[in-house]
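Undergrad: sequence first, then the predicted structure, then my questions.
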Amino acid sequence: MRLNVFIRIFLIITSIFTIVPIPAGASTASADSSISSWQIKWETKADQLAAPDQALKAAGWQDIQASDPAVSKPEHAVSAWIRIKLPVIEKNQGMFFHSIYAQNITIFLGGEEVYHSERKHWFDLNRVLIPLENHDSGQELVMHLESQTDRLGLGSENHISDYQDLMRLYAKFDLLDIILGGAFVFVAFVMLVCSVFLDRNQLKSWLSLCFIILPIGGLLIGYSPFLYTFYGKYGFVYQAMFDLSLYLFLPSLMMFFELLFGSGYRGIVKHFRQFQIAYSIFGIIAMTVNWASGYTFQHYYFFVSVTFIGVIMLAQFILILIILVRQLWNRNIDSIILSIGLAVFASVSVAELLKFYASSKTYDLSWWKWGLVAFVLSLIVLLGRRFSYQHKLIMTYSRDLEIYNSELQRSEKMEIISQLAASVAHEVRNPLQVTRGLLQLLEERHKVVVPNTENYYKLAIDELDRASTIITDFLTFAKPQMEQVHELNLAEEFKHVEGIIVPLANLQGGHLEMSVPRSLRIMGNSSKLKQALVNIIKNSIEALEGSGVVKIWAYEEHEQVVIHIADSGAGMDERILERLGEPYFTNKNKGTGLGLMVTFRIIEVMQGTIKFKSQKGVGTEAMIRFPAAR
């Protein structure tokens, strides 16, 4: 009955997907001979016979061929007798019945009972192995079957072969289902253990996938005939495992979709998931009541666990299909991966169902589990992609936060320097000018009174001038705002800068190469721009350390004016490049770092940006961008 239940659910689920035929079949051991035909006699409650000899003498036997076995009960039939004429039996042979569909089975040979099995639960698929002896040759094997399920009868694959070979086949048959189901359960358990190491954002999707994999393992174990064959007295446990797994699988799958693609239009996914949780709780209660009453309400529970839940599954998979189609329309890579896994699962399942009904419901579904594996793998790939994306976001956020903190620290330093410069610079400059004037007067007098002292006064005055320059840089940094902003022709500005800087280049042994179109225009203050350009070009000339060339060129790109200033000097390493523009950082012997700091501030106020790239032994290049004037 459980097989039929699962088939009905499968039909409802897979009817919404495209059918792609896939070969499927069940493996069998090689046999010396197989049973090609037998006879069956159906019984109603009114004409049930108690003993096999009575059944053999009664009328109403029908001939059945193995190629077309009869497993569907006629109306009002509750039991059946089957008789099989045995061929010549050799030493140490046995008979393996691949599929006997019944709840209660009794097998007689030579008028004696050789096998008996009873099931209170509704799982009706049995695999039976009985030993045979030489004296059984030509006798009739009689089988009595009873069942309340839809199927009753003998399947097509029934073999007589070496008993030891059949025993090995019997022991291993359906074992793969248990191994695969156990593997899913183990993976889910490991995921539960690992969940303690995840943060809250990752935990929901991780646990939802865990509670998809766990019930899939339960479905595989609860569906496999292996446990029913060897540990049949616990059949109600396996059946309960199957139902519980189904009740857990459906809402978990919906929750996983909700976490991936959201709650949907007006929260329909969320509401459907809440309904499924409520129905699963109701189904568990109904299952408990049915079990406690000795399966008295089995027909009502059948409606709860099969008929109505099939409708719910149909609605769920239609909703999932709509979500996937919508995401595919938006070219969502997650939906493409999930669609592939779901398509494999549906295609394999539909192909098996077609073969099942083509074989008069005697084919055992076996390949659907591998389609389910493909579906789970697609879910795992999705979760891996989501975790990878979240990790990438965290790394990007960390880098942005580091840059933000660096900029914040730099801004705080600049603000402190700006306040210090504004408050001190004016007070310091006046005494410096007075002191310089007095030193010039003393220099004139001492030339007459004390000869050869002019070098000392010159050194003192030069140092005062240097201090005054530093104070000027402080003031420029403290108040870099453009008092007068005009449209500037970049070529004209560079022409003036060239007149200032060429003598210094000649003195250092280098020369300038300049290419600036006259069409380039920016908004800014002429004097401040010249100060910034002079500082950068001056640094490039000093980096030449003798002969060399400083190349300057400019162009317009994406509504921005781009200026390049490149030298063929010694270059800098990455450590120095990162610190350019910091207060008091310099790689010159007598430098203060204020010149480049002021340059950065001027370019920033003019809404520009500056970047440096350098290679040791090759040279350094500065790239400045300003918004183009329109």
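TA: Received, thanks.
Undergrad: who's in contact with residue 192?
TA: Residue 192 sits next to 207, 210 when contact means CB atoms under 8 Å, 6 or more residues apart in numbering. To be clear about C-beta, it is placed using only N, CA and C from the backbone, and glycine gets the same treatment.
Undergrad: tell me which element it is part of?
TA: Assigned by DSSP states H and E, residue 192 belongs to helix 175-194.
Undergrad: following that helix in sequence, what is the next regular element?
TA: Counting by DSSP H and E, the element after helix 175-194 in chain order, helix or strand, is helix 200-223.
Undergrad: let me see the confidence value for residue 500.
TA: Per-residue confidence (pLDDT) for residue 500: 80.
Undergrad: ok, now which ones touch it?
TA: Residue 500 neighbours (CB under 8 Å, 6+ apart): 530, 534.
Undergrad: tell me where the stretch 51-200 of the chain has helices.
TA: Counting by DSSP state H, counting those that start in this stretch, the stretch 51-200 of the chain has helices at residues 52-57, 163-172, 175-194, 200-223.
Undergrad: revised request: answer the last question for the stretch 251-400 of the chain.
TA: Taking DSSP H, counting those that start in this stretch as the criterion, the stretch 251-400 of the chain contains helices spanning 268-292, 298-302, 309-329, 333-358, 368-449.
Undergrad: just those helices: most buried one?
TA: Among the helices of the stretch 251-400 of the chain, judged by mean count of other CB atoms under 10 Å, the one packed with the most neighbours on average is helix 333-358 (a mean of 19).
Undergrad: okay, and the beta partners of residue 97?
TA: On DSSP bridges, the residues paired with residue 97 through beta bridges are residue 128, residue 158.
Undergrad: what's the pLDDT at it?
TA: Residue 97 carries a pLDDT value of 91.
Undergrad: would you mind listing the residues in contact with it?
TA: Neighbour list for residue 97: 126, 127, 128, 129, 154, 155, 158 [criterion: CB under 8 Å, 6+ apart].
Undergrad: could you chop this structure up by domain?
TA: The chain is divided into the following domains under automatic domain parsing: 31-172, 176-397, 398-479, 482-630.
Undergrad: quickly, which of the ones you listed bottoms out on average pLDDT?
TA: Mean pLDDT is lowest for domain 398-479 out of the domains of the chain, coming in at a mean of 70.
Undergrad: so the residue lying closest to residue 616 once chain neighbours are set aside: helix, strand or coil?
TA: Here the nearest residue to residue 616 in space, its sequence neighbours aside, is residue 571; by CB to CB, 6 or more residues apart in numbering that works out to 4.5 Å. Secondary structure for residue 571, judged by DSSP: H, G, I helix; E, B strand; the rest coil, is coil.
Undergrad: count of residues packed around residue 571?
TA: 18 (other CB atoms under 10 Å).
Undergrad: do the same with the one 3 residues further on
TA: Residue 574 has 9 neighbouring residues, counting by other CB under 10 Å.
Undergrad: from residue 539, how far off is it?
TA: When CB to CB, to the nearest Å is the yardstick, residue 574 and residue 539 sit 18 Å from each other.
Undergrad: and the residue nearest to residue 616, what does it touch?
TA: If you count contacts by CB under 8 Å, 6+ apart, residue 571 has them with 543, 614, 615, 616, 617, 618, 619, 620.
Undergrad: and with 7 Å instead?
TA: For residue 571, the contacting residues are 614, 615, 616, 617, 618, 619, 620, by CB atoms under 7 Å, 6 or more residues apart in numbering.
Undergrad: now it. Its backbone dihedrals?
TA: Residue 571 has phi and psi values of phi 80, psi 170 when expressed as degrees, to the nearest 10.
Undergrad: just residue 90 next, same as before
TA: Note on residue 90: backbone dihedrals following degrees, to the nearest 10 are phi -90, psi 180.
Undergrad: residue 159 versus that one, what's the distance?
TA: When CB to CB is applied, the distance between residue 90 and residue 159 equals 14 Å.
Undergrad: of these two, who's got more company?
TA: Comparing residue 90 with residue 159 by other CB under 10 Å, the one with more neighbours is residue 159, at 21 against 15.
Undergrad: that one against residue 66, yeah?
TA: No: proximity of residue 159 to residue 66 does not meet the contact threshold set by CB atoms under 7 Å, at 10.6 Å.
Undergrad: are there residues contacting both of the two? Which ones?
TA: By CB under 7 Å, 6+ apart, residue 159 and residue 66 have no common neighbours.
Undergrad: any idea how far residue 524 is from residue 540?
TA: 21 Å.
Undergrad: now swap in residue 55 and tell me
TA: In this structure, residue 55 and residue 524 are 110 Å apart, going by CB to CB.
Undergrad: now swap in residue 135 and tell me
TA: Going from residue 135 to residue 524 by CB to CB gives 114 Å.
Undergrad: okay, the two: which has more neighbours?
TA: More neighbours sit around residue 524 than around the other of residue 135 and residue 524, counting by other CB under 10 Å; the figures are 25 against 9.
Undergrad: where does that one fall, phi/psi-wise?
TA: Main-chain torsions, residue 524, degrees, to the nearest 10: phi 170, psi -170.
Undergrad: tally of neighbours for the closest residue to it other than its chain neighbours?
TA: Leaving aside its sequence neighbours, residue 524 sits nearest to residue 606 (CB to CB, 6+ apart; 4.4 Å). Residues contacting residue 606 under the criterion other CB under 10 Å number 21.
Undergrad: tell me how far residue 606 lies from residue 181.
TA: Residue 606 sits 70 Å away from residue 181, going by CB to CB.
Undergrad: cool, and residue 564?
TA: Here the criterion is CB to CB. By it, residue 564 lies 67 Å from residue 181.
Undergrad: neighbour-wise, which of these two wins?
TA: The neighbour count for residue 564 versus residue 181, taken as other CB under 10 Å, is higher for residue 181 (24 against 14).
Undergrad: wait, isn't the more buried one in contact with residue 217?
TA: Yes: between residue 181 and residue 217 there is a contact at 4.5 Å, judged by CB under 7 Å.
Undergrad: residues in contact with residue 101?
TA: Taking CB under 7 Å, 6+ apart as the definition of contact, the neighbours of residue 101 are 71, 124, 125, 147, 151, 152, 153, 155.
Undergrad: the third one reaches residue 225, doesn't it?
TA: This points to residue 125. Yes: Residue 125 is within contact range of residue 225, at 5.0 Å (criterion: CB under 7 Å).
Undergrad: work out for me the element the residue nearest to residue 611 when sequence neighbours are not counted sits within.
TA: Distances taken as CB to CB, 6+ apart put residue 623 closest to residue 611, at 5.1 Å, once the chain neighbours are dropped. If you go by DSSP H and E, residue 623 is part of strand 619-627.
Undergrad: and the residue lying closest to residue 60 once chain neighbours are set aside, what are its bridge partners?
TA: If you skip the residues right next to it in sequence, residue 60 has residue 41 as its closest partner in space, 5.2 Å away by CB to CB, 6+ apart. When bridges are taken as DSSP bridges, the partners of residue 41 come out as residue 81.
Undergrad: I'd say residue 41 and residue 59 touch.
TA: No: using CB under 7 Å, residue 41 makes no contact with residue 59, being 8.5 Å away.
Undergrad: so which of the two has more stuff around it?
TA: Regarding residue 41 and residue 59, a neighbour count based on other CB under 10 Å identifies residue 41 as having more, with 19 against 5.
Undergrad: from what I can see residue 508 touches residue 544, true?
TA: Yes: at 6.0 Å, residue 508 and residue 544 qualify as touching, with contact defined as CB under 7 Å.
Undergrad: now do the contacts for residue 623.
TA: Taking CB under 7 Å, 6+ apart as the definition of contact, the neighbours of residue 623 are 562, 564, 611.
Undergrad: right, I mislabeled it, should have said residue 78
TA: 43, 44, 45, 146.
Undergrad: go again using 10 Å as the cut-off
TA: Contact analysis of residue 78 by CB atoms under 10 Å, 6 or more residues apart in numbering lists 42, 43, 44, 45, 46, 48, 145, 146, 147, 148, 152.
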